[in-house]
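*Asks:* This is a predicted model, with the sequence first.
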Amino acid sequence: MILIAGRKRKLTNNSKDRKYQRDATEELKEHDASMSSLDPSPPDELVGYAKDIYVYIAQTLNEAGLIKQIDQSVVIELCRQMQLAHEAYFEIFGGDEPQGIQFKLEKQLQDHMGNVVGTQFLGYQKNPAVTTLNAATTKIKSYCETLGMTPAARASLLAMAQDTKHDDDYNDIDDYTDDQLKDEAGY
C-alpha cells in the first residue's frame, strides 16, 4: 500500500469504499481488541486541573470503547493543554483583578532630578496569556480530533459502526474475479 504524506489513513467498513481500506480497518479492530483499556488513574506527572480532567476523559472514552492504554500519551498531552488553557483563561478573565486581553503601556516621565512627574501613554500590548490560550485551544482541538472527541469524529465513528452492521449485505466489485463479473453482466 502506498501512503501519501500528509493524508490520514481512512478507516471504514463501508462496502462502497475500497477493499484495502476495509481490510485495514478490520485489522486495526482485531489488533485493538487485544489491547488493554486506558488506566483511569491519572499519572503522577499530572497535577491540579489536568489530573481531574484526565479521570473524566479516561472514564468517558473507556465507556465508549474508544481508547486504549497505548493512547495514554495523547490523553496526557490533551490534559496538559487543557490546564494551560484553563490557567490562561483565568488570568485573562478571572480572579479579583482580571488582566484582560491587553495591557496599557505607559512610560514614566522624570525631571532632571529623577523624580517621577507623570506618565506618557504609549499604546496597548496584547496580554501573553491570550497567545497561550490560543495555542492551547488549537492543540486541544487537534488532540480531541485524534481521540474521536469532536462531533465530526464521533459521526465518522458512528457511520463506521453502522456500516459494520450492513457490511455483509453488499458485495464489493474488488471481491469478484473477472469471470464472475462477466457472468453477472451476462457476457
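*Replies:* That came through fine.

*Asks:* Give me the mean pLDDT for the helix of greatest length in the chain.
*Replies:* Secondary structure of the chain per DSSP state H: the longest helix is helix 72-93. Averaging the model's pLDDT scores along helix 72-93 yields 95.

*Asks:* which residues sit against the following helix or strand past that helix?
*Replies:* Tracing the chain C-terminally past helix 72-93 and defining elements by DSSP states H and E, one meets strand 102-110 next. Residues outside strand 102-110 that contact it (CB atoms under 8 Å, 6 or more residues apart in numbering) are 116-127, 130. (Each C-beta comes from the backbone N, C-alpha and C, glycine too.)

*Asks:* Please repeat the previous calculation with a cut-off of 10 Å.
*Replies:* 92, 115-128, 130 (CB atoms under 10 Å, 6 or more residues apart in numbering).

*Asks:* Name the next helix or strand downstream of it, please.
*Replies:* Taking DSSP H and E, what comes next after strand 102-110 is strand 116-126.

*Asks:* in its sheet, what does that next one sit against?
*Replies:* strand 102-110 (antiparallel) (DSSP bridges).

*Asks:* List the residues that contact residue 63.
*Replies:* residue 37.

*Asks:* let me fix that: residue 111
*Replies:* So residue 111 contacts 117-118 (CB under 10 Å, 6+ apart).

*Asks:* Tell me how far it lies from residue 121.
*Replies:* According to CB to CB, to the nearest Å, residue 111 stands 19 Å off from residue 121.
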